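> what would the 3D arrangement of this be:
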Amino acid sequence: MAPRHAVRADRRRRVRLAIAGGTLAVLAAIAVTIALLPSTIAAPSAGAGTFGPLHVRSVTPTGSPDAPLRVAFNNPLSATSPMPTITPSVPGNWAHLSASVVSFRAAAPMSPGTLYTVTVPATTKQVDGQLLHVGVARHFSVPIGSTLRLNQVLAELGYLPLRFVPTGQFHATSTAVQRGTFTWRWSHVPAGLTSLWQPNVATVITVGALKAFQDDHNFVTDGVATPQVWTALLHAVATHQVDKLSYDYVDVNTALPQTLTLYVNMRPIYHTLVNTGIGSRPTALGTYPVYVRYLTTTMSGTNPDGSHYSDPGIPWVSYFNGGDALHGFIRGSYGWPQSLGCVEMPFANAHAVFPYTPIGTLVTVR
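Numbers count the residues shown, from 1 in each chain. This next block holds a predicted model:
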């Protein structure tokens, strides 16, 4: 097949022959004029009677948390036409994207898991004055975020020992997963933490961070990302409420002599001898988040021989796993198993550790 430029050259040659032929030139001119008519005659302008009935062509979003909220009509709207409404109410404004499309610009993130209704009123008016006559209602909801997105948000807010570094376009207040990578905030992180981290899984690192956020924002500290918690998370991102506290971590080593090391921003700042559980009541190995704390409390329960105990005035108590807690307790010596599952320290040492064990702090027993 010949190249396309050769075809165009051949056409130009035929036109030159037609012009030389006189009559053929006239016929060619008429043909050219006829061929040009559709593109040279302007389309008739749209008058008041050319629009026809007004109707809604589409309402978005259709499920994507980042999709803009838009209402498209088949005909141009009047400048005085009322705008759609959103229920429950969302702060923001409607604006014209074009003559026939309006878009809502939210001033704050919409609440994940909430069902919203967009209502286009029957009084919506097009430029020729015709009304929609019948209102249109469409429903949509903002999805609750995934575990991966939860970790991204908690990292953005400073509740994780990792930071999230986005790549490409980034929607900070969206529940949709964003492109990017996680990196540890410090060069040296104990293996008890690095071995647990999985960005797509709600490990104890995620649960501890979420409990810390819930405690800061007056939620029940259950480590569950409900729609209400998601709303608070996105609001915190939107208003730059980054956690300004240090990231604290407690490592309990059950090898003799038994010790506790307190890390603040992954730097070991305090070390003490401790007592963990005896053979029949061992302190469970693993990593757990602190879930409740007391300046002082009464501890009671059952001894291995079946007798009951009740010890009042136990100070500086941070429970991290069931009945296991970090706390002060008077013993003749420390560094070997003596408790019924708790991690015991001298009073002064427990006092030193207590300020660094807020709700959500991770405690590793190994």
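> can you map out the helices along the stretch 251-366 of the chain?
Assigned by DSSP state H, counting those that start in this stretch, the helices in the stretch 251-366 of the chain fall at 347-353.
> show me the strands in it, by range?
259-264, 267-273, 286-289, 292-302, 308-321, 324-328, 343-345, 362-365 (DSSP state E, counting those that start in this stretch).
> now do the stretch 51-200 of the chain
56-60, 69-73, 85-87, 92-98, 101-106, 115-120, 136-141, 162-166, 180-184.
> name every strand pairing with the fourth one and say which way it goes.
Its sheet considered, strand 92-98 pairs with strand 101-106 (antiparallel) by DSSP bridges.
> ok, residues contacting the strand it pairs with?
By Cβ atoms under 8 Å, 6 or more residues apart in numbering, the residues outside strand 101-106 that reach it are 68-73, 77, 83-84, 86, 90-97. All C-beta atoms are positioned from the backbone trio N, CA, C, and that covers glycine.
> stretch 239-247 now?
Under the contact criterion Cβ under 8 Å, 6+ apart, stretch 239-247 has outside partners 156-159, 161, 185, 212-213, 216, 235, 264-266, 356, 358.
> mind listing what's buried along that stretch?
Across stretch 239-247, burial judged by 16 or more other Cβ atoms under 10 Å covers Gln241, Asp243, Tyr247.
> now the terminal residues of stretch 168-178, how far apart.
Stretch 168-178 stretches 9 Å from its first residue to its last (Cα to Cα, to the nearest Å).
> got it, and stretch 345-363?
End-to-end distance for stretch 345-363, by Cα to Cα: 15 Å.
> any idea how far it is from the middle of the chain?
Chain-centre distance of stretch 345-363: 31 Å, with Cα atoms, centre = their mean, to the nearest Å.
> ok, the spatially most central residue of the chain to Trp94 distance?
Centroid-nearest residue in the chain: Thr175, 4.0 Å away (criterion: Cα atoms, centre = their mean). As judged by Cβ to Cβ, to the nearest Å, Thr175 and Trp94 stand 23 Å apart.
> ok, now Ser333?
With distances taken as Cβ to Cβ, Ser333 is found 73 Å from Trp94.
> where does pLDDT dip in this structure?
Within the chain, the stretches with pLDDT under 70 are 1-50, 62-66.
> for the residue nearest to the centre of the chain, phi and psi?
Per-residue torsions, Thr175: phi -90, psi -10 (degrees, to the nearest 10).
> the nearest residue to it once chain neighbours are set aside: how many residues sit nearby?
Leaving out its chain neighbours, the residue that sits closest to Thr175 by Cβ to Cβ, 6 or more residues apart in numbering is Gly145, at 3.7 Å. Using other Cβ atoms under 10 Å, Gly145 has 22 neighbouring residues.
> hmm, Phe320 and Arg293 touching each other?
No - with contacts defined as Cβ atoms under 8 Å, Arg293 does not count as touching Phe320, sitting 9.8 Å away.
> and for Leu285, the neighbour number?
A count of nearby residues for Leu285, using other Cβ under 10 Å, gives 11.
> and the residue nearest to the centre of the chain, what does it touch?
Pro65, Pro112, Val142, Pro143, Ile144, Gly145, Arg149, Trp230, Leu234.
> quick one: it from Thr147, how far?
Computed with Cβ to Cβ, the distance linking Thr175 and Thr147 is 12 Å.
> please report how far Ala108 lies from Thr297.
41 Å.
> re earlier: redo the strands of the stretch 51-200 of the chain as a markdown table? Include distance to Asp128.
Output for the strands of the stretch 51-200 of the chain, formatted as a markdown table (distance: least, Cβ to Cβ, whole Å):
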| stretch | distance to Asp128 |
| --- | --- |
| strand 56-60 | 17 |
| strand 69-73 | 13 |
| strand 85-87 | 24 |
| strand 92-98 | 17 |
| strand 101-106 | 18 |
| strand 115-120 | 18 |
| strand 136-141 | 19 |
| strand 162-166 | 47 |
| strand 180-184 | 50 |
